[in-house]
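Q: Build me a model from this:
(2 chains)
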Amino acid sequence: MEPIISIRKLCKQYGEKTVLDNISLDIYPGQIIGYIGPNGAGKSTTVKVLTGVITDYTGTVLVNGKDIKEDILALKQMIGYVPEVAELYDLLTPNEYLHFVGALYNMPDNIIAERSSRILSSFGLLDNLNQRMDGFSKGMRQKVLLTAGILHNPAIVILDEPMSGLDANAVIVVKELMQVLKNEGKTIFYCSHMMDVVEKVSDRIVLIDKGQIIANDTIEALREGSSDSLEKIFAQMTTTENLNQTAGNIASALNDQADKIAL
Amino acid sequence: MNKFFLFLIMLPKGLWRALGADIPQLKAILKVRLMLDDRKPLSFGRQQTKKKPARFMSALSVFLSAVIGMMYIIPLAALDDRIMGLWLYFTTFLLMLSFLLVTDFSTVLFDTRDKSILLPRPINERTLLLSKLLHMFIYLFRIVFPMSLAGWVFVAIENGLVAAIWFPFIVFMLTLVALFLVNGCYLLILNLAKPERFKDIINYFQIGFSVLFFAIVYLMPRAADSTGFKILQHQNYRWAAFTPTYWLAASWTWVEPDKVLSYTKWLSILAIAGPLLLIWLTVRFLSPSFAKKIGGIDVVDAPVQKAIGGASGRKTASKLYLKLANLLNKNPLSKAGFSIAWLQTGRSRNFKMRVYPSFAFVPVYFFYLVTQNKAPLTEIWHTLPETHNNILLLYMSAFIVMNLMSMLVFSDQYKASWLYYSAPIERPGSVMDGAFKAIWVKYYLPIFTVISCFVVAIWGTKSLLDIALALVNITLFAACVMRIAYRRLPFSSVEQMNEKGSRFFKTLFIMIIPSSLGFGHYFVDLVPWLWWLKIVFIGLSAMLLWLVWDSYKNTTWDELKKMDL
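A: From the prediction side, this is the model:
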């Protein structure tokens, strides 16, 4: 099978700082890729390259066998993106915002209306369809952003911390949604710090640290026969610090003289 | 300055302790509140988003209060009738103070962060209450004292010691009246509007305040010069006796007994009784009911309630912009740009705050210009049709256009524009084209129509050609502004104070455009038989407009990137 996304020797620098250092990665259709790494590892930069926001990188990125630099519009049409920070024009209502987004993807009005009301209704937001979003909670905004991300029925869905702010039921819905989309043959690129969710839903896990991919395998292979959780594997691979010791240091900072005197 | 205030307010420590306050906590809370005051944007004039964090704002606010206080004394100095002068002084003072408090107090009163930051801590209720009251006191003092300073000095010099002692007392009474008005005003808003719209309504007060501020600064000195103003006498304005500020003015009878009309002397009692009664009403009735309502303000931060049948709401209002979007744009991207600009500008408080006051600029500044020769108003009015001021008035709307267009690219929510970059947009110019049309149709066209109606009413139908030429010229100007200085996607940039030098020169350069177009028009208007030149100009400007607009709406991603460099 041909990979739907094929990245070769991808490098990106911001001034002196190398953010992505020779990344090569193949992603196959119908897979959920868990893309994890510590803060500042280069996850967001990878996502920006894949969504066509950053174009001044070196290396090649092929989507569906075509270099994305050659036809960036076709790439953008294929990709649905839900950003990490819930930035949207919150003076608009979900209805108005989704019509705006749909228009940018060249969708006819009736399809936008039909799809947005059906998706929002599944998220339990139908009653808020015509209310301005400035009073919305973080979870409600996230649901609107999720809807906006998949509205144009993209072949590849890039989700950057899609669960942030969602309540427990909505988390279940999104997890299920990822499975359903996967079964329809869509590819899901899922970035998150929630290790337990990544562990459960991902077909492959790609771990990036300091701009380089340091692991790319299934969770079973990463465990190497042990019963370690992804959280533990992540810690072993990305830090040399003893995290238990760190927590101990924080707690012991409180046991100083002043407290004893007060007691 | 804050350290000084904090020191002063903490002097009667024993008293605060006796009232049940925890002194270190009280001091800490007040210190932070004063520090926050220093860093929040100024209520005077425009709000600006700047790179540099705001500092020393309270000192600047004290200074500006003192300056505006100087404006109030103009009627006091110009009028022969002292009571009329005082009445005008107190009325302006009260009006400005109330507006300022309505807009500014809301941030102090409705700071719901208290709930999450202070309430979970071990602070007793008295400390909390006292910290709130003392903060309000410092806050009021910082505005009222500098604002009344000029008036105080003036009456002290003019009327001596008695007046100097009497004056601060009356200003104190005036502050009580202002507190009543502000409380009443808040209560009215809270009763009439939904809590979540409260901030929007306060926004309109801010707009009203900046128009008032602007009008006072421009028109007060001008009014003082006019002959009609000097001879205003309180005998001719008997209705004034019903206003609280007249009662305050009537108490002048204790300083100069012969200045006040005998039949209004008893009103001086109301100067004390009135404000006291009003503040009693405030404390007894308004504040408790107000405190109850304030709870509702928190709704703004809480998740919104589900609206029953909400899906069908707002349909009628939304139809117009959709119809216009379809009518005026062929490209779906332009339609999207049109819709977002239409909706966003109608709801953004910052946009309204920056743009709406400029609508008032045209009439105020026009009045200011035509009254320059100090002739009586009736004479100016009658000779107006003989002047060429219609051209001036029409071109003054270029100021509104400049303001409107620049605010189209700036937004507090500029980060939400990530969407444009991830969507398959071939030419960003298409979106920009739609947004430009929306703002032109929604704001500029109605205003220009109002101005045109006024021009036709005064100067007659012979002005129609001028109106057409001015409209084409100003639209050309708007297109040039957008093409040269603001070639960006709508609501995609953050406004910065320290604009690059190149932007400054660009702005300067484009300011030459309306001036030269306007002057050309004006000179042609001076020579009646050259009327046909106006038609030639309309044709030429329209051609230029087409060229500039075409280049603007075909803006590519590369060209957009160059703007950011």
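Q: Helices of chain A, start to end?
A: Under the criterion DSSP state H, helices of chain A are mapped to A:43-50, A:72-78, A:94-104, A:109-122, A:138-150, A:168-183, A:195-201, A:219-223, A:230-238, A:243-252, A:257-262.
Q: Can you tell me which of those is packed in deepest?
A: Among these, helix A:94-104 has the highest mean neighbour count (mean count of other C-beta atoms under 10 Å in any protein chain shown), at a mean of 24. All C-beta atoms are positioned from the backbone trio N, CA, C, and that covers glycine.
Q: do that one and chain B meet?
A: Yes: if you take C-beta under 8 Å from any C-beta of the partner chain as the test, helix A:94-104 does meet chain B, through A:96, A:99-101, A:103-104.
Q: sorry, back to before: make a markdown table out of the helices of chain A and add distance to residue B:364.
A: As requested, those are exported to a markdown table (distance: least, C-beta to C-beta, whole Å):
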| stretch | distance to residue B:364 |
| --- | --- |
| helix A:43-50 | 48 |
| helix A:72-78 | 48 |
| helix A:94-104 | 35 |
| helix A:109-122 | 43 |
| helix A:138-150 | 41 |
| helix A:168-183 | 53 |
| helix A:195-201 | 60 |
| helix A:219-223 | 70 |
| helix A:230-238 | 63 |
| helix A:243-252 | 61 |
| helix A:257-262 | 62 |
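Q: closest one to residue B:458 among these?
A: Nearest to residue B:458 among the helices of chain A is helix A:94-104; the distance by C-beta to C-beta comes to 41.3 Å.
Q: what's residue B:488 sitting at in phi/psi?
A: Note on residue B:488: its backbone torsions stand at phi -140, psi 160 [degrees, to the nearest 10].
Q: give me the number of residues near it?
A: The number of residues packed near residue B:488 is 20, by other C-beta atoms under 10 Å in any protein chain shown.
Q: Check residue B:86 too.
A: 26.
Q: same check, this time on the one 10 residues further on
A: Other residues near residue B:96 come to 22 when the count uses other C-beta under 10 Å.
Q: ok, it to chain A distance?
A: 30 Å (C-beta to the nearest C-beta, to the nearest Å).
Q: looking at it, that residue is touching residue B:217, isn't it?
A: No: using C-beta atoms under 8 Å, residue B:96 makes no contact with residue B:217, being 11.1 Å away.
Q: Need the overlap of contacts for those two.
A: Counting by C-beta atoms under 8 Å, 6 or more residues apart in numbering or on different chains, the common neighbours of residue B:96 and residue B:217 are residue B:68.
Q: What segments of the stretch 351-500 of chain B are helices?
A: Ranges of helices within the stretch 351-500 of chain B are B:377-383, B:389-409, B:418-422, B:428-439, B:445-459, B:464-484, based on DSSP state H, counting those that start in this stretch.
Q: which of these is buried the deepest?
A: Mean neighbours per residue, mean count of other C-beta under 10 Å, is largest over the helices of the stretch 351-500 of chain B for helix B:428-439, with a mean of 26.
Q: still on that earlier bit, show me which of the residues of helix A:94-104 next to chain B is closest to residue B:546.
A: Using C-beta to C-beta, residue A:103 comes nearest to residue B:546 of these, at 25.6 Å.
Q: Pick out whichever of the residues of helix A:94-104 next to chain B sits closest to residue A:227.
A: residue A:101 (43.7 Å).
Q: Enumerate every residue touching the closest residue to the closest one other than its chain neighbours.
A: Nearest non-adjacent residue to residue A:101, counting by C-beta to C-beta, 6 or more residues apart in numbering or on different chains: residue A:148, 4.6 Å away. Residues in contact with residue A:148 (C-beta under 8 Å, 6+ apart) are A:82, A:88, A:97-98, A:101, B:419.
Q: at 10 Å instead, please
A: Residue A:148 is in contact with A:80-83, A:88, A:94, A:97-98, A:100-102, A:104-105, A:116, A:119, B:419, counting by C-beta atoms under 10 Å, 6 or more residues apart in numbering or on different chains.
Q: Return the distance of residue B:151 relative to residue B:268.
A: Distance of residue B:151 to residue B:268, given as C-beta to C-beta, to the nearest Å: 18 Å.
Q: The two: which has the busier surroundings?
A: Using other C-beta under 10 Å, the more surrounded residue of residue B:151 and residue B:268 is residue B:151, with 22 against 18.
Q: any idea which helix or strand carries that one?
A: Taking DSSP states H and E as the definition, residue B:151 sits inside helix B:125-159.
Q: now residue B:209: how far from residue B:102?
A: Separation of residue B:209 from residue B:102 (C-beta to C-beta): 8 Å.
Q: How about residue A:117?
A: Counting by C-beta to C-beta, the separation of residue A:117 from residue B:102 is 40 Å.
Q: How about residue A:149?
A: Residue A:149 sits 42 Å away from residue B:102, going by C-beta to C-beta.
Q: Repeat that for residue B:203.
A: 11 Å.
Q: of these two, who's got more company?
A: A direct count of neighbours by other C-beta under 10 Å for residue B:203 and residue B:102 places residue B:102 higher, at 23 against 19.
Q: Helix or strand: which one has that one?
A: Assigned by DSSP H and E, residue B:102 belongs to helix B:82-109.
Q: Any stretches of the stretch 1-150 of chain B with poor pLDDT?
A: B:40-57, B:106-117, B:119-120 (pLDDT under 70).
Q: Pull the number of nearby residues for residue B:255.
A: Neighbourhood size, residue B:255 [other C-beta under 10 Å]: 18.
Q: just residue B:327 next, same as before
A: If you count neighbours by other C-beta under 10 Å, residue B:327 ends up with 10.
Q: which SSE is it in?
A: Element membership for residue B:327 (DSSP H and E) is helix B:315-328.
Q: how much space between the residue lying closest to residue B:431 once chain neighbours are set aside and residue B:429?
A: Computed as C-beta to C-beta, 6+ apart, the closest residue to residue B:431 that is not its neighbour in sequence is residue B:337, at 3.7 Å. Taking C-beta to C-beta as the measure, residue B:337 falls 10 Å from residue B:429.
Q: any shared contact partners between those two?
A: With C-beta under 10 Å, 6+ apart as the test, residue B:337 and residue B:429 both reach B:331, B:436, B:489, B:553.
Q: so what secondary structure elements neighbour the helix holding residue B:151?
A: helix B:2-9, helix B:13-18, helix B:23-39, helix B:57-78, helix B:82-109, helix B:113-117, helix B:161-192 (3 or more C-beta pairs under 10 Å, 6 or more residues apart in numbering or on different chains; DSSP states H and E).
Q: mind checking how far it is from the chain centre?
A: 23 Å (C-alpha atoms, centre = their mean, to the nearest Å).
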